[in-house]
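Trainee: Make a model of this:
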Amino acid sequence: MRAWTDLPSHRRWLEGHSRDLLAFGRRSGAPDGGASWLTDDGYPWPERGVHTWITARTVHVYGLGAMLGIPGCRGVAEQALAGLLPGGPLHDAEFGGWFAEVSASGEAGGTGADKAAYAHAFVVLAAATGACAGLDGARALLDEAGSVLLERFWDEEVGLLVDTWNRDFSVRDPYRGLNATMHGVEAMLSAADVTGDPDWLRRAVRICSAVVGFAEANRWRFPEHYDATWSPRLDLNADRPDDPFKPFGATVGHGLEWSRLLLHLEASCAARGVPVEVDVVGAARHLYARAVEDGWSVDGAPGFVYTTDWDGTPVVRTRMHWVVAEAIGAAAALHERTGETAYATDYARWWDYAATYLVDHEQGSWHHELAPDNSPSARVWPGKPDLYHAVQATLIPRLPLTPAMATAVSEGLLREV
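Mentor: Okay, the predicted model is just below:
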């Protein structure tokens with residue numbers, strides 16, 4: 001039987017689902033610039049403020065939509081981008097960088113004025129995509145955001161990203177984490193393509209080499225949290241294990257996401273002649289296999305659990321939509337790289353699950369969170385904040401492993417339906 005990714009009919013379904021997702025988020029733009037957190041039915045939720053990570057991800061997905069020729073997408077991308085540009089509400093004109101959010105009352109910094117690598121990595125990604133889409137100000141934003149990422153968050157000595165500063169960059173938090181670092185790799189791959197600077201790839205190689213080592217040393221359940229010396233903090237947040245950004249234990253979805261990113265890194269480096277000494281394909285296989293073994297349908301119901309302990313026992317059994325989206329992307333990437341049927345079989349299984357349980361066929365988009373019995377839940381992620389993971393799940397299976405998504409779409413490399 002042919003792999004779904006080889007079927008024109010499946011690619012047509014992916015294209016249609018992309019359009020449906022982008023139609024759902026058409027109201028994302030915030031009045032003063034930036035992007036709103038969305039409700040279950042796709043309306044702005046102003047009480048939740050305007051967040052830099054949601055704004056940047058909205059620029060990214062609607063910039064892609066604009067390049068795909070989907071009417072209405074450019075305006076959404078431009079409105080979101082306005083929140084990140086100099087003079088926009090999320091840009092810190094005094095100290096540089098970007099606030100985490102603007103609160104519902106209009107307070108810059110929201111509940112705190114911290115400057116986070118996670119948000120800044122997404123600004124780099126947004127700017128790179130915006131530059132590919134020809135959005136005004138995006139190319140200059142990429143230069144600025146890249147400089148901030150390197151000057152404030154890149155640790156040249158260890159080849160990894162620090163996580164958080166206070167507002168004026170005078171105090172650096174001792175916490176180190178792999179979530180921000182992972183999205184830093186994603187941003188670096190895109191920046192390398194847009195700028196043509198291979199040093200972005202060399203930095204990404206250093207990060208991935210370290211992360212593969214962390215994972216291998218921990219039976220491919222890599223620790224998410226570290227101290228200032230990059231020693232694992234295995235018990236962090238044991239008292240609040242379902243934290244949306246810093247959960248306790250091993251995060252199943254990140255094993256899948258890293259698996260895919262390693263394959264993009266290998267392909268990008270091969271295309272530009274940048275050496276990669278670590279076995280990224282072997283690591284991608286191991287990370288994927290561990291995540292599926294630990295996370296998929298392990299508690300009597302279909303779906304991926306959110307987290308496990310260090311022996312693979314489920315801790316938070318809630319199903320997060322982004323985990324399935326990353327499973328789809330990882331299976332597609334592994335099938336693309338290896339040609340092995342098992343990954344194509346998994347790919348179809350993950351999409352079947354998403355279509356059955358996660359896609360909201362009444363109100364649109366995906367439920368962002370399901371309870372262990374696969375009924376909609378809102379304990380961790382109320383509403384439907386943004387479209388980033390779901391939209392990418394519809395595009396990754398139709399794109400080559402390199403160049404990065406925005407450049408590939410801009411160059412017309414999306415496989416025809």
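Trainee: Now do the strands in the protein.
Mentor: Applying DSSP state E to the chain gives strands spanning 50-51, 101-102, 115-116, 154-155, 160-161, 164-165, 176-177, 225-226, 250-251, 307-308, 314-316, 319-320, 369-370.
Trainee: the longest helix in the chain is where?
Mentor: helix 252-272 (DSSP state H).
Trainee: and that one, which residues are buried?
Mentor: Judged by neighbour count using 16 or more other CB atoms under 10 Å, the buried positions of helix 252-272 are 252-269, 272. Where C-beta positions appear, they are placed from N, C-alpha and C, glycine not excepted.
Trainee: same question, stretch 166-186
Mentor: In stretch 166-186, counting by 16+ other CB under 10 Å, buried: 167, 169, 172, 175-186.
Trainee: Do me a favour and get the end-to-end distance for it?
Mentor: End-to-end distance for stretch 166-186: 24 Å, by CA to CA, to the nearest Å.
Trainee: I'd like the average pLDDT over it.
Mentor: Across stretch 166-186, pLDDT averages out at 97.
Trainee: now stretch 354-368
Mentor: pLDDT averaged over stretch 354-368 gives 98.
Trainee: Return the set of buried residues in that stretch.
Mentor: Under the neighbour-count criterion of 16+ other CB under 10 Å, stretch 354-368 has A354, Y357, L358, V359, D360, G364, S365, W366, H367, H368 buried.
Trainee: Now the first one: closest residue in space that isn't a chain neighbour?
Mentor: The one in question is A354. Closest residue to A354 apart from its sequence neighbours, by CB to CB, 6 or more residues apart in numbering: V324 at 5.2 Å.
Trainee: Would you confirm that that neighbour contacts L358?
Mentor: Yes. Taking contacts as CB atoms under 8 Å, V324 lies within contact range of L358: 6.1 Å.
Trainee: on that earlier part again, turn the strands of the chain into TSV, including distance to G282.
Mentor: TSV is the format used below for those (distance: least, CB to CB, whole Å):
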stretch	distance to G282
strand 50-51	37
strand 101-102	39
strand 115-116	32
strand 154-155	26
strand 160-161	21
strand 164-165	32
strand 176-177	25
strand 225-226	24
strand 250-251	19
strand 307-308	22
strand 314-316	26
strand 319-320	27
strand 369-370	32
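Trainee: Show me the one of those that comes nearest L387.
Mentor: Between L387 and those, the shortest gap by CB to CB is with strand 50-51, which sits at 14.0 Å.
Trainee: so what secondary structure elements neighbour the closest one?
Mentor: The helices and strands touching strand 50-51, judged by 3 or more CB pairs under 8 Å, 6 or more residues apart in numbering; DSSP states H and E, are strand 101-102.
Trainee: Give me the average confidence score over the strand it packs on.
Mentor: 94.
Trainee: With stretch 145-162 instead?
Mentor: 98.
Trainee: Return the set of buried residues in that stretch.
Mentor: Buried-residue list, stretch 145-162, by 16+ other CB under 10 Å: A145, G146, V148, L149, R152, F153, W154, G159, L160, L161, V162.
Trainee: Assess the claim that the fifth one and G97 are in contact.
Mentor: Yes. Under the criterion of CB under 8 Å, R152 lies in contact with G97, with a separation of 6.7 Å.
Trainee: which residues do those two both contact?
Mentor: Common contact partners of R152 and G97 (CB atoms under 8 Å, 6 or more residues apart in numbering): K115, H120, W165, F169.
Trainee: which among those gets closest to R11?
Mentor: H120 (34.2 Å).
Trainee: Next up, the contacts around the closest residue to G255 other than its chain neighbours.
Mentor: Spatial nearest neighbour of G255, excluding adjacent residues (CB to CB, 6+ apart): A291 at 3.6 Å. The contact partners of A291, taken as CB under 8 Å, 6+ apart, are V252, G253, G255, L256, S259, F304, A327, A330.
Trainee: Least confident secondary structure element in this protein?
Mentor: When the helices and strands of the chain are scored by mean pLDDT, DSSP states H and E, strand 101-102 comes last with a mean of 94.
Trainee: before we move on, the earlier item: how about the residue nearest to A354, what does it touch?
Mentor: Applying CB under 8 Å, 6+ apart, the residues contacting V324 are G303, F304, W350, Y353, A354, L358, A393.
Trainee: So the last one versus H17, what's the distance?
Mentor: So that's A393. Separation of A393 from H17 (CB to CB, to the nearest Å): 9 Å.
Trainee: cool, and the third one?
Mentor: Distance, W350 to H17, by CB to CB: 14 Å.
Trainee: Ok, the second one next?
Mentor: Remark: distance between F304 and H17 (CB to CB) = 20 Å.
Trainee: what about those two, which has more around it?
Mentor: Between F304 and H17, F304 has the larger neighbour count (other CB atoms under 10 Å), namely 27 against 19.
Trainee: Next, work out how far apart that one and E326 are.
Mentor: 9 Å.
Trainee: hmm, back to that, looking at the strands of the chain, which one is packed in the most?
Mentor: strand 319-320 (a mean of 28; mean count of other CB atoms under 10 Å).
Trainee: For that strand, name the packing helices and strands.
Mentor: Checking 3+ CB pairs under 8 Å, 6+ apart, strand 319-320 ends up next to strand 369-370.
Trainee: Report all helices and strands that the strand it packs on contacts.
Mentor: Secondary-structure packing of strand 369-370 (3+ CB pairs under 8 Å, 6+ apart): strand 319-320.
Trainee: mean confidence for the strand it packs on?
Mentor: Here the average pLDDT along strand 319-320 is 98.
Trainee: and what of stretch 249-257?
Mentor: 98.
Trainee: can you list contacts of that stretch?
Mentor: Applying CB under 8 Å, 6+ apart, the contact partners of stretch 249-257 are 178-179, 182, 215, 218, 220-224, 241, 287-288, 290-291, 294-295, 304-310, 312, 315-316, 320, 322-323, 326-327, 329-330.
Trainee: Pull out the buried members of those.
Mentor: 178-179, 182, 215, 220-224, 241, 287-288, 290-291, 294-295, 304-309, 312, 315-316, 320, 322-323, 326-327, 329-330.
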